[in-house]
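>>> Structure of the sequence below:
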Amino acid sequence: MSTELSALDLARAAARLALEKKALDVKILTLKDLSSICDYFVIASGEADIQVKAIGRHIYDELADAGYKPISREGINDGNWVLLDYIDVVVHVFYEPTRRFYALEKLWGDAPTEDVTDEKIMSPKR
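Reported below is the predicted structural model:
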């Protein structure tokens, strides 16, 4: 019997999968009270285009194996910005300079944010 993950659990799973490929500065932004776009953004960075692609593919493959396929997948072959749209959760994996340029965390500065590390998911902060 399989159990469907909540949107937050799906976001946390994607964040942990990003960490498995050594993603940097992994964050979960809670948007559900701020926007109708989605409930959560997962944002992570890679230091090179090949790492960004590896992180994006790993998240895609592992979640697909668990029964979660995105409705949209962009940039997986480019390595600059991978976007995986799971409706309630949107995963962004950036090449670090691209992340700084688009600054989604600043754009959504009012969103409660969880820093995700190998040790734990840090408590939400505003």
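
>>> need the contact list for Y40.
By Cβ atoms under 8 Å, 6 or more residues apart in numbering, the residues touching Y40 are A7, L8, L10, A11, I28, L29, T30, L31, K32, D88, V89, V90. C-beta coordinates here come from the backbone N, C-alpha and C atoms, glycine included.

>>> Number of residues surrounding V42?
28 (other Cβ atoms under 10 Å).

>>> Report the strands that pair with whichever strand or helix holds it, each with its relative direction.
Element membership for V42 (DSSP states H and E) is strand 40-46. Strand 40-46 has these partner strands in its sheet, going by DSSP bridges: strand 24-30 (antiparallel), strand 89-95 (parallel).

>>> Output the ones you listed as JSON lines; include the columns mean pLDDT, distance to L104 and mean neighbour count.
Below are the strands paired with strand 40-46 laid out as JSON lines (pLDDT from 0 to 100; distance: least, Cβ to Cβ, whole Å; neighbours: other Cβ atoms under 10 Å):
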{"stretch": "strand 24-30", "mean pLDDT": "97", "distance to L104": "8", "mean neighbour count": "20"}
{"stretch": "strand 89-95", "mean pLDDT": "98", "distance to L104": "6", "mean neighbour count": "26"}
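
>>> No further questions, thank you.
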